[in-house]
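Colleague: Got a predicted model here, sequence first, then my questions.
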Amino acid sequence: MIALSAPDLGPVDREAVLATLDDGWVSSAAPAVTAFEQAFARTVGRAHATAVSSGTAALHLALHMLDLGPGDAVIAPTLTFIGGVAPILHAGARPIFVDCGAADWNLDPALLEEAFARAGREGLTVRAIVPADLYGQCCDIAAIRAVADEKGVPVILDSAEAVGATLDGRHAGHGAMAAAYSFNGNKIITTGGGGMLASDDAALIARARSLATAARVPAVHYEHAEVGFNYRMTGLAAALGSAQLATLEDKVARRRAIHGRYRDRLDALAGVAFAPEAPGRRHSRWLTVMLLDQTATAVAPEALRLALEAAGIESRPVWKPMHLQPVFRDHPMIGGAVSERLFADGLCLPSGSVLTDAEIDRVCEVIEATLA
């Protein structure tokens, strides 16, 4: 089976985990957790970071600290994974979904004014904007911040899919009050499951770290002045994360090369296009996403997915927009045509940095035969 995004693990990763096992520091109290936090903060260019159990947990912590409640709203992109949206409800607010822009597939800043107006008509107060860096491409944070600053609300970035991506030379996550990252098993670097919340605000990260450790007050016994969460990353996961982080640039380079090989082979096919790379951005190409113009190919993405599956190749549709999900059918939505088209026409191809050129060529052969 050629997997969609298999983890890229090697001897150094194994040695790091075994060393932590030998030391006996496997819990969240392990020195490896602090070491990973510090190394990750340096890598993304933020002053502080705290390691947690998932990217969703990181985002939840950031939203929880805003003290959201009934009547509050958070603006979010509709084209994303549910883990970037569910924390809004977990924190007590209501999401307002916004369509993406065709140039980068991320939240369209031009629709934000309308989203604020819609919130007002719904009797809601917008308390934050949570854009996503979709599939490894940074959103237009400057344009988003311009509106957010005017309205007096913070921006929390969902950079779960964008470790290794850059905008104007700065790592994904810059320009926001805080940014959440994911190290799930299919991400560019992995801890098996885990995440990170990063910020230049020392007090914000200190509070997030406390909340993630069940909000325990320092004492010999277990003392709690508020209810927190059990979100801290384990020592084993952090040890793996530090080892993976050391080869981040190599992994990004390989994924970009894989994307380039797909384009070299498939760009000439009628009706085939790929996710754009907007000016000033280095797309990490966490996943290579292909679009099929079904009027030109007469082949639907689902038919191609099934053909690939029959050949032992995993692929996946583009994220189904949140406003089309049954659980969010009653939530406000601004626009929708762009994200709906991408969902209808898009297919994510195998993109893991462990893919060989021969495996990429095999994927291309099946695509060429199916579209012929």
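Modeller: On my side now, so go ahead. Because the structure is a prediction, the values reported are computed rather than measured.
Colleague: which stretches of this structure form helices?
Modeller: With DSSP state H, the ranges of helices along the chain come out as 11-23, 31-44, 55-64, 86-90, 112-121, 141-151, 202-212, 235-245, 248-266, 294-297, 301-310, 337-345, 357-371.
Colleague: Identify all contacting residues around the fourth one.
Modeller: Put plainly, it is helix 86-90. The list of residues contacting helix 86-90 from outside it, by CB atoms under 8 Å, 6 or more residues apart in numbering, reads T56, L59, H60, L63, H64, L68, V74, A76, R94, P95, V130. Where C-beta positions appear, they are placed from N, C-alpha and C, glycine not excepted.
Colleague: repeat that with 10 Å
Modeller: Outside of helix 86-90, the residues within contact range by CB atoms under 10 Å, 6 or more residues apart in numbering are 55-64, 68, 72-76, 93-96, 127-128, 130, 156, 158, 180, 229, 322, 327-328, 331.
Colleague: Tell me the residue in this protein that is farthest from the middle.
Modeller: Each residue of the chain has a distance to the centre, and by CA atoms, centre = their mean the biggest one is for V220: 38.2 Å.
Colleague: P321: neighbouring residues, count only.
Modeller: Using other CB atoms under 10 Å, P321 has 22 neighbouring residues.
Colleague: what about the stretch 151-300 of the chain, any weak spots by pLDDT?
Modeller: Within the stretch 151-300 of the chain, no range satisfies pLDDT under 70.
Colleague: Could I have the buried ones of the contacts of helix 86-90 as PyMOL selection syntax?
Modeller: Remark: buried members of the contacts of helix 86-90, expressed as a PyMOL selection using 16 or more other CB atoms under 10 Å:
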select buried, resi 55+56+57+58+59+60+61+62+63+64+68+72+73+74+75+76+93+94+95+96+127+128+130+156+158+180+229+322+328+331
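Colleague: G173 contacts L157, correct?
Modeller: Yes: the pair G173 and L157 qualifies as a contact (CB atoms under 10 Å) at a distance of 5.3 Å.
Colleague: can you list residues touching both of those two?
Modeller: Shared contacts of G173 and L157 (CB under 10 Å, 6+ apart): D133, C138, I141, A179, A180, Y181, A198.
Colleague: roughly how far out does stretch 68-81 sit from the chain middle?
Modeller: From the chain centre to the centre of stretch 68-81 is a distance of 16 Å (CA atoms, centre = their mean, to the nearest Å).
Colleague: average model confidence for that stretch?
Modeller: For stretch 68-81, mean pLDDT rounds to 98.
Colleague: In contact with A47: list those residues for me.
Modeller: Contacts of A47 by CB under 10 Å, 6+ apart are A41, A198, S199, D200, D201, A202, I205.
Colleague: Distance-wise, check the last one relative to P154.
Modeller: I take that to be I205. Applying CB to CB, to the nearest Å, the value for I205 to P154 is 14 Å.
Colleague: More neighbours: these two, which one.
Modeller: I205 (23 against 18).
Colleague: Contact partners for that one?
Modeller: Residues near I205 by CB under 10 Å, 6+ apart: 37, 41, 46-50, 61-62, 178, 197-199.
Colleague: Buried ones among those residues?
Modeller: Using 16+ other CB under 10 Å, the buried ones in the contacts of I205 are E37, A41, R46, H48, A49, T50, L61, A62, A178, L197, A198, S199.
Colleague: Could you export the residues you listed to JSON lines, including columns for distance to S339?
Modeller: What follows is the buried ones among the contacts of I205, written out as JSON lines (distance: CB to CB, whole Å):
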{"residue": "E37", "distance to S339": "34"}
{"residue": "A41", "distance to S339": "33"}
{"residue": "R46", "distance to S339": "29"}
{"residue": "H48", "distance to S339": "33"}
{"residue": "A49", "distance to S339": "31"}
{"residue": "T50", "distance to S339": "32"}
{"residue": "L61", "distance to S339": "27"}
{"residue": "A62", "distance to S339": "24"}
{"residue": "A178", "distance to S339": "25"}
{"residue": "L197", "distance to S339": "26"}
{"residue": "A198", "distance to S339": "27"}
{"residue": "S199", "distance to S339": "28"}
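Colleague: Show me what R316 is bridged to.
Modeller: R316 has the following beta-bridge partners by DSSP bridges: C348.
Colleague: Count the neighbours of A311 for me.
Modeller: Neighbour count for A311, taken as other CB under 10 Å: 16.
Colleague: List the contacts of it.
Modeller: M1, I2, R362, V363, E365, V366, I367, A369, T370.
Colleague: is it true that the second one touches C364?
Modeller: No: with contacts counted by CB under 10 Å, I2 stays clear of C364, the gap being 11.5 Å.
Colleague: So for the two, which residue has more residues nearby?
Modeller: I2 (20 against 17).
Colleague: Export stretch 16-36 to PDB, keeping only CA atoms.
Modeller: Extracted in PDB, the C-alpha atoms of stretch 16-36 (Å, rounded to 0.1, in the frame of the first residue of the first chain):
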ATOM      1  CA  ALA A  16      15.900   9.200  21.000                       C
ATOM      2  CA  VAL A  17      12.800   7.200  22.200                       C
ATOM      3  CA  LEU A  18      14.900   4.400  23.600                       C
ATOM      4  CA  ALA A  19      17.100   6.800  25.500                       C
ATOM      5  CA  THR A  20      14.000   8.300  27.200                       C
ATOM      6  CA  LEU A  21      12.800   4.800  28.000                       C
ATOM      7  CA  ASP A  22      16.200   3.900  29.500                       C
ATOM      8  CA  ASP A  23      16.200   7.100  31.600                       C
ATOM      9  CA  GLY A  24      12.700   6.300  32.900                       C
ATOM     10  CA  TRP A  25      11.500   9.900  32.000                       C
ATOM     11  CA  VAL A  26       8.400   8.900  30.100                       C
ATOM     12  CA  SER A  27       5.700  11.200  31.600                       C
ATOM     13  CA  SER A  28       5.000  14.800  31.000                       C
ATOM     14  CA  ALA A  29       7.500  15.800  33.700                       C
ATOM     15  CA  ALA A  30      10.300  14.600  31.600                       C
ATOM     16  CA  PRO A  31      13.200  17.000  30.700                       C
ATOM     17  CA  ALA A  32      12.600  16.000  27.100                       C
ATOM     18  CA  VAL A  33       9.300  17.900  27.100                       C
ATOM     19  CA  THR A  34      11.000  21.200  28.100                       C
ATOM     20  CA  ALA A  35      13.800  20.500  25.500                       C
ATOM     21  CA  PHE A  36      11.300  20.000  22.700                       C
END
